[in-house]
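Asks: Predicted structure and sequence below. I'll ask about it afterward.
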Amino acid sequence: MPDPAGLARWVGRPVRLRGEAHQEGIVKDYRTDPPGLLVVLDYSEDLGDPIWFSLDELESFGGEPLK
């Protein structure tokens, strides 16, 4: 799958929901159309199904937007 936005670099890395310090998760996959990341929240696959998030809903642990 082409990855012009460089989203593949986030797979396996921790992210959090923007503005939600305690809603953290690990990126499991990405899509390019529409751009998004598949995240398992709270670091545990047992706590729920992965959820697709758009890039503007997530941030890195440094607080930077993912775009």
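Replies: Done, it's in.
Asks: going forward, measure contacts and count neighbours with C-alpha atoms only.
Replies: Fine.
Asks: which residue sits closest to residue 36, ignoring its sequence neighbours?
Replies: With sequence-adjacent residues excluded and distances taken as Cα to Cα, 6 or more residues apart in numbering, residue 36 is closest to residue 54, at 4.4 Å.
Asks: Equivalent analysis for residue 65, please.
Replies: With sequence-adjacent residues excluded and distances taken as Cα to Cα, 6+ apart, residue 65 is closest to residue 59, at 4.6 Å.
Asks: How about residue 49?
Replies: Nearest non-adjacent residue to residue 49 (Cα to Cα, 6+ apart): residue 40, at 6.6 Å.
Asks: What is the subsequent helix or strand relative to the helix or strand where the one you found lies?
Replies: Residue 40 belongs to strand 35-41 when assigned by DSSP states H and E. Next helix or strand after strand 35-41 toward the C-terminus (DSSP H and E): strand 51-53.
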